[in-house]
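>>> for reference, the sequence and a predicted model appear below.
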Number of protein chains: 2
Amino acid sequence: MSETRSEVRSGAYYDSVMLMQLQRSLSELPGVEDAGVIMATPANCEILTASGLPIDSSAGPDDLLIVIRAEDSDSAEGALDQIDELLARRRSSASHAFRPRSLESAVKQLPDSQWVLISVPGRYAAGVAQDALALGRNVFLFSDNVSLEEEIKLKNMGRDQGLLVMGPDCGTAIIGGVGFGFANRVRQGKIGLLGASGTGMQAISSYIHNKGGGISQAIGTGGRDLKREVGAMAAHQGLDLLARDSESEVIVIVSKPPHPEVAAAVLNHAAKSGKPVVVDFIGQAPPAKRLGNLHFAVSLQDAADLAVSLSSASAEAGVDILTVPASDEKAPRYIRGLFSGGTLAYEAVLALSSVVSPVYSNAAVYEWQQLADVMVSQKHTIIDMGEDDFTQGRLHPMMDNDLRLRRLRQEAADPEVGAIILDLVLGEGSHPDPASEIAPVIEEAIDIAKRNGRNLEIAAIVIGTDEDSQIIEEQTTKIATAGAMVFNNTSDAVYYVSTFLPVPKEPNMMPLSLAAFARSVAVINVGLEVFFDSLEIQGASVVQVDWRPPAGGNEKLMSLLSQLK
Amino acid sequence: MSETRSEVRSGAYYDSVMLMQLQRSLSELPGVEDAGVIMATPANCEILTASGLPIDSSAGPDDLLIVIRAEDSDSAEGALDQIDELLARRRSSASHAFRPRSLESAVKQLPDSQWVLISVPGRYAAGVAQDALALGRNVFLFSDNVSLEEEIKLKNMGRDQGLLVMGPDCGTAIIGGVGFGFANRVRQGKIGLLGASGTGMQAISSYIHNKGGGISQAIGTGGRDLKREVGAMAAHQGLDLLARDSESEVIVIVSKPPHPEVAAAVLNHAAKSGKPVVVDFIGQAPPAKRLGNLHFAVSLQDAADLAVSLSSASAEAGVDILTVPASDEKAPRYIRGLFSGGTLAYEAVLALSSVVSPVYSNAAVYEWQQLADVMVSQKHTIIDMGEDDFTQGRLHPMMDNDLRLRRLRQEAADPEVGAIILDLVLGEGSHPDPASEIAPVIEEAIDIAKRNGRNLEIAAIVIGTDEDSQIIEEQTTKIATAGAMVFNNTSDAVYYVSTFLPVPKEPNMMPLSLAAFARSVAVINVGLEVFFDSLEIQGASVVQVDWRPPAGGNEKLMSLLSQLK
């Protein structure tokens, strides 16, 4: 019959490598069947209980809990007796040459250091990061369990000083050829990665390497960077850096779906980068296969494949790039879409939502985009005029253009409207010559706008074949002659009109120094020693700080100390 | 100064072509500036008012409202005086040779007819469709404003009789080479379309034609078919037909995002078709680029491009097809994923959600997928073990496998679990030899299941490069030798495990007759004459029913009549 014994230790700080190694050593002792060594958080306790290691319920989340299940009580108690010795052995084996005890002395020891890698427990991490920024160093914040408020505060500090805060909970980066945290060994190359997703970036960088491509820089932002509260601050800094970095010829952005407004701002910034950008917002519907220089991927593998093929293509030229107009506050601000085809309207909402926000529609992709009154356009608005609202007692707008043309004149007269998208769906059942009715009103609409002192761009999507009775070439010519640009699909049309909008400004920020991303990387490591070893093996200059929690981890004393500062 | 006059006519039925033509004729009269002829629904009234035609507020939604704006009162009144004459002219020009007054007599006149095309106003449409089904005819229901309840009732009737109900609000179809409703003229070919999206199908069929491909059949379902309430009844019937139709070598499915369970059922059905299937659920994140024979598109253009390239490829073979096991109620039913990489977990949720439902996770793609308790798996469950819950006071699972291995044993012991997905992320910072710890537990897990009398499939996703210190080939070999299938990306791994699940059954249905889709199409048209003309021009046999609303459109009388039946 197995015997279980446990021990609780309060108030002391142990790093998690130490705990893992203690658990392993205990498991290997004679007679021991299983051992658990955990900080006694509810989750950790539940896991041990579930795997047959019952828990001493008096332990709290800040307590170290050691549980032994052994063949007999002697073995169990024998194991408990060895804890101190095993801990001591671990400490001595970990002792190295001289190690600075503080960031300040580490900086003196490695004055060229541009980076501080932080992997101390979450509740201490923000403090260390703040110290690093105050010392003028960029931060790679591996630690998790850091609050959103702390993240915003740190990133604001970084933005104002031209310093990058990757993280918190940043799993990976490759800076100047050196992997930080978790990182795969990959070829140096032309592809710059930017991501709020650690394993996402690891997978993409591995796929790129395995396909023969290479990585220039891989910049992590932490998983929450593209949330509304943080506003993609690290992503904007990273994009700006990758746009300036001449070695990065293709950029890849990977993230879980960002807040829509944040996403639009990031994509607008990416559109201005002058480089092909692959976007993988995993789990979000791609707005199109391509919008200008933005290429949308549907998976990590797909993102890597696209990036590699673009990086080969860009060398040979052939990748055309968006020229984004300078931001002009006075330019008419909104796009309106008047569709006879419901699905085309829906595709237009999808594509437009990726570069501007908010978009409203009666063919909404997201519930919050639902237009309150289909008769009244609001900001960017796409109307499906084939919806029931418009067809009661009337022919479908593919047959009868009247309502759509009335609406077109209305939209043209709206001083805030800068561009209008229309569709012409040809074929059986449709109007026998729609362009003859629509073209004159396009001319009229452009004229209305001109008389009001503004430009009106009109994009028309023509769907049809060379066998349709309407003669597609004639239809296209009539519409084009009236002054519209003609496309055969929604994403090209949406992209076209979007280039006439005033461009949202990126957040004000001090630019990051390119020097920090150059080939000789010097890093101060605070926390897990495994990262020290890894940086050293990769040839980086690195100093390990012999970090201990303030006041030995005692919360009350910590709070007193911080008040004294 | 302009003068406006209006007239209201109650209780009479006018078809919408008549109204459009009356409006045109009135606009062209001398002195008339603008004319509006509408059924006075609130939306229609609002549109006219907005375009400068003020509305007589006494008119109700069933009333015909005619508004004239003219240069002077004489012209305005003169125009009103001509309404009757213009309506009479229209009627006489529309008169043809003998026309049956009822569906029954139309069927006698065209006994080979397989189809009834219905475009009468919505409130009459369901009644006509029901009569058509009762007469053993398939239905193309162009009419909109038909209730969901009526749709379900009609589709149930169709399913039980092996008859298809396309619609309501079905814009397009191409059956046996003949376009129904709105349809582009396209080449006959190898691609079968199935869609809940009219212009979506028009655009795809046009793109396919323009790229040199061709269409075998294009089957519309109506926009609501893939909602939960309808359960994709027409889509399942259509899929079954296209799978049996030897001319359809590639299938394309297009729809706005379906209900998740409906989507999973349709995709499972598509997976069994034995043909490459291109899926464009517009506005929904594709679960992957490819899962078995399912290829996911991100736009209408992309769907067409994929279909054309698959239809060329399939001729040369080279497209590998899923072999789906027979449904086995007793097979273990659930997939569990235990991930160290958050993004890989998230991709797995995304991919898995497309073929099974519900999936739960602490890396949920949709809010409702959120796992209540990360310690307890529910049905299909994907766990990101790098989340804060698991890492407080512990190393990340890429460094420390302990918790993941404990959980693996638990999942293996669950009699409902049929497959487990794991990841191994190699590289700097990760465990120096994860396979040495994980492989023995994989063997153990398979053994636990075997001892409990069931099969356990394990799929491992290995991320890394040939330069990583762990030596990726050795890691892969250890894991594979232990009994896991090894992949390098999530979608292949998810696809693999999904093939071991019992397959959900399609709804019971009488199969559709292939004969109704053969090259000689005979149609009875009830409603818009433009469709009669279009069918005739395309070479179909067609009879126009001289349809009038029951009781002259008088609602009270209609209800009395229907009670007498």
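The structure has been received and is ready for your questions. Numbering: from 1, shown residues only, chains lettered A, B, ... in the order given.

>>> and the residue nearest to A:Ala132 when sequence neighbours are not counted, what element?
Excluding its sequence neighbours, the residue lying closest to A:Ala132 (C-beta to C-beta, 6 or more residues apart in numbering or on different chains) is A:Val116, at 3.8 Å. Where C-beta positions appear, they are placed from N, C-alpha and C, glycine not excepted. For A:Val116, the host element (DSSP states H and E) is strand A:115-118.

>>> ok, now A:Ala412?
Applying DSSP H and E, one finds A:Ala412 within helix A:402-413.

>>> need the residues that contact that helix.
Helix A:402-413 is contacted from outside by A:336, A:338, A:340, A:377, A:383, A:385, A:390, A:394, A:397, A:417, A:420, A:422, A:437-438, A:441-442, A:444-446, A:448-449, A:452, A:456, B:20, B:23, B:47, B:50-51, using C-beta atoms under 8 Å, 6 or more residues apart in numbering or on different chains.

>>> that older thread, strand partners of the strand holding A:Val116, parallel vs antiparallel please.
Using DSSP bridges, strand A:115-118 pairs in its sheet with strand A:138-141 (parallel), strand A:522-526 (parallel).

>>> against chain B, how distant is A:Leu310?
16 Å (C-beta to the nearest C-beta, to the nearest Å).

>>> right, and that residue touches A:Ser248 too?
No. Because the distance of 12.0 Å does not satisfy C-beta atoms under 8 Å, A:Leu310 is recorded as not touching A:Ser248.

>>> shared neighbours, these two?
By C-beta under 8 Å, 6+ apart, no residue touches both A:Leu310 and A:Ser248.

>>> quick check: buried residues in stretch A:103-110?
A:103, A:106-107, A:110 (16 or more other C-beta atoms under 10 Å in any protein chain shown).

>>> if you could redo that for stretch A:388-398, that was the one I meant.
Neighbour counts over stretch A:388-398 (16+ other C-beta under 10 Å) mark A:389-398 as buried.

>>> for stretch A:275-284, same thing?
A:275-284.

>>> tabulate these (JSON lines), appending distance to B:Ile461.
Formatted as JSON lines, those follow (distance: C-beta to C-beta, whole Å):
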{"residue": "A:Lys275", "distance to B:Ile461": "30"}
{"residue": "A:Pro276", "distance to B:Ile461": "28"}
{"residue": "A:Val277", "distance to B:Ile461": "26"}
{"residue": "A:Val278", "distance to B:Ile461": "21"}
{"residue": "A:Val279", "distance to B:Ile461": "23"}
{"residue": "A:Asp280", "distance to B:Ile461": "17"}
{"residue": "A:Phe281", "distance to B:Ile461": "21"}
{"residue": "A:Ile282", "distance to B:Ile461": "15"}
{"residue": "A:Gly283", "distance to B:Ile461": "17"}
{"residue": "A:Gln284", "distance to B:Ile461": "22"}
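
>>> what residues are up against A:Arg224?
A:Arg224 sits next to A:148, A:151, A:168-169, A:196, A:230 when contact means C-beta under 8 Å, 6+ apart.

>>> so which of those residues also contact chain B?
A:Asp169 (C-beta under 8 Å from any C-beta of the partner chain).

>>> specify which member of the contacts of A:Arg224 is nearest to A:Lys256.
When those are compared for distance to A:Lys256 (C-beta to C-beta), A:Ala196 wins out at 6.8 Å.

>>> skip the chain neighbours and tell me the closest residue to that closest one.
A:Ala196's closest residue in space is A:Ser255 (C-beta to C-beta, 6+ apart), at 3.9 Å.

>>> return the residues in contact with the one you found.
Per C-beta under 8 Å, 6+ apart, neighbours of A:Ser255: A:195-197, A:200, A:221, A:225-226, A:235, A:280-282.

>>> apply 6 Å and report the result again.
A:196-197, A:226, A:281 (C-beta atoms under 6 Å, 6 or more residues apart in numbering or on different chains).

>>> same check on A:Val365?
A:349-350, B:283.

>>> swap in A:Gln301?
Here A:Gln301 is in contact with A:207, B:489 (C-beta under 6 Å, 6+ apart).

>>> now the buried residues of stretch A:103-110 in CSV, with distance to chain B?
Converted to CSV, the buried residues of stretch A:103-110 look like this (distance: C-beta to the nearest C-beta, whole Å):
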residue, distance to chain B
A:Leu103, 21
A:Ala106, 20
A:Val107, 24
A:Leu110, 20
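
>>> so what pLDDT did the residue nearest to A:Ala196 get?
Note on A:Ser255: pLDDT of 95.

>>> A:Leu86 sits in which helix or strand?
Assigned by DSSP H and E, A:Leu86 falls in helix A:83-94.
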